[in-house]
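**Q** Show me how the following folds:
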Amino acid sequence: MNRVTDNVVAIELGDATFIATTTQNYHLCSKEDKKGVYQVVPPSGHFIFQAPHDQYIEFRGKTVQKFHGRHDKLVINPFNVYEKLGMFETHEELEEWNENQRRVGKGLDTIDMMLLHDIQQSNSSFWDNFIHTVKAHPYWSTFGSMLFVLIVAVFIISIMKWCWRKCRRTRNKGINEKRDQERGFDATTKEFRGIHNV
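**A** Have a look, this model is predicted:
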């Protein structure tokens, strides 16, 4: 995908060029006619351009963008887009699609994939977006893993401390009761046996 400017995106498809644009017009030029013939962009802003090698189309604005022909005849096919294009169900499906495209030499680069993933986020579930974010940013997953291990460690240490205190209290309680019995302390009356109040 060739993002020429914010207004024009072009994708080369063999001897044709797919163009998506928000501009309203372009000029069809040739080597003999540099001024070109004024043409209106289809309402959808999408069309396929094929032309002989000596012809090109030119978008004129702040910067001039030229797309040269690579075909033996002139063909301009407009695309009429009336509805939203279907999206992938998950980010993983999008990655699989791009991997298949790469095998045939038509894969998207990293920036374009990031843009598609951003678009995909609005159509995916929270869990799918979360998994994609963790995979896309390894340092987040490392930080998350370390945080998880820390929380589990604190939880285990808290349980061990609670068990230690419980065992210690039970043991101390038994020792204290045994010592009190040896001294003659009555736990019900809270008095020592053998000692009478005068």
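**Q** Would you map the strands across the chain?
**A** 2-3, 8-13, 16-21, 25-30, 37-40, 46-50, 55-59, 65-68, 75-79, 185-186, 191-192 (DSSP state E).
**Q** Pretty sure Leu28 sits against Gly36.
**A** Yes. Counting by Cβ atoms under 8 Å, Gly36 is a contact partner of Leu28 at 5.6 Å. C-beta: built from backbone N, CA, C; applies to glycine.
**Q** Next, show the common contact partners of those two.
**A** Here Leu28 and Gly36 have Glu58 as joint contacts, going by Cβ atoms under 8 Å, 6 or more residues apart in numbering.
**Q** just to revisit the earlier point, among the strands of the chain, single out whichever gets nearest to Asn172.
**A** Set against Asn172 and scored by Cβ to Cβ, the strands of the chain come closest in strand 185-186, at 15.4 Å.
**Q** tell me the mean pLDDT for the closest one?
**A** For strand 185-186, the mean per-residue pLDDT is 65.
**Q** coming back round to it: closest one to Trp164 among the strands of the chain?
**A** Nearest of these to Trp164, taken as Cβ to Cβ: strand 185-186 at 27.4 Å.
**Q** Show me what the longest helix belonging to the chain is packed against.
**A** The longest helix of the chain (DSSP state H) is helix 138-183. Packing partners of helix 138-183 (3 or more Cβ pairs under 8 Å, 6 or more residues apart in numbering; DSSP states H and E): helix 126-136.
**Q** Let me know the angle separating the helix it packs on from helix 138-183.
**A** With axes from the mean of the first three to the mean of the last three Cα atoms, to 10 degrees defining the directions, helix 126-136 sits at 100 degrees from helix 138-183.
**Q** Tell me which residues of helix 126-136 come out buried.
**A** Neighbour-count burial for helix 126-136, counted by 16 or more other Cβ atoms under 10 Å, picks out Asp128, Asn129, Ile131, His132.
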